[in-house]
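In: Give me a model of this one.
(one chain, ligands or ions: 1)
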Amino acid sequence: MAYSYDPENIFAKILRGEIPNNTVLETEHTLAFRDIAPQAPEHVLVIPKGAYVCYDHFALEASEAEIVDYTRTIGQICKMLDIQPGEGGAGYRLISNAGQDGVQEVPHLHVHILGGRGLGRMLARA
Ligand code: AMP
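Out: Got it, this is the predicted structure:
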């Protein structure tokens, strides 16, 4: 089944400038901004500017330019936040929730970058 994208989702509204955001970094194809309800001292959301619902949608259908830009932006933000474990930072976790089982609230692809404290084990029981 092909993905159908809802242009009224809140991140689409952020991309159109209809609601404000706390931008960390913006590139040609990608926007990164602070989560409105942070779960850790560092909590940044990274979204592609294109209309992709979730990670597999993007990974299978986005252009190489979009994928490179998105991936590099995630790396750049880890650097900006000083959380790279290979560079003396204390590390981080990337999360991308998808669909019902993933408990995705906003149907526009986003990767959460979380850091700034110990994050515990990977999964809690639902
Ligand atoms: P998910 O459950 O992975 O879909 O996560 C959606 C995330 O979007 C949550 O962590 C929310 O706190 C965050 N969020 C919702 N609305 C906004 C907003 N206007 N600005 C920034 N973050 C938001």
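
In: which helices and strands does the longest strand belonging to the chain pack with?
Out: Criterion DSSP state E: the longest strand present in the chain is strand 42-48. Taking 3 or more C-beta pairs under 8 Å, 6 or more residues apart in numbering; DSSP states H and E as contact, the helices and strands that strand 42-48 lies on are helix 10-15, strand 30-34, helix 64-81, strand 111-115. Yep, even glycine has a C-beta here, placed from its N, CA and C like the rest.

In: and of the ones you listed, who's closest to A51?
Out: When the helices and strands packed on strand 42-48 are ranked by proximity to A51, the top entry is helix 10-15, at 7.4 Å, counting by C-beta to C-beta.

In: returning to what we had before: next, the angle from the longest strand of the chain to strand 111-115.
Out: Angle of strand 42-48 versus strand 111-115, following axes from the mean of the first three to the mean of the last three C-alpha atoms, to 10 degrees, is 160 degrees.

In: Kindly check the end-to-end length of stretch 100-111 for me.
Out: End-to-end distance for stretch 100-111, by C-alpha to C-alpha, to the nearest Å: 16 Å.

In: Many thanks, have a good one.
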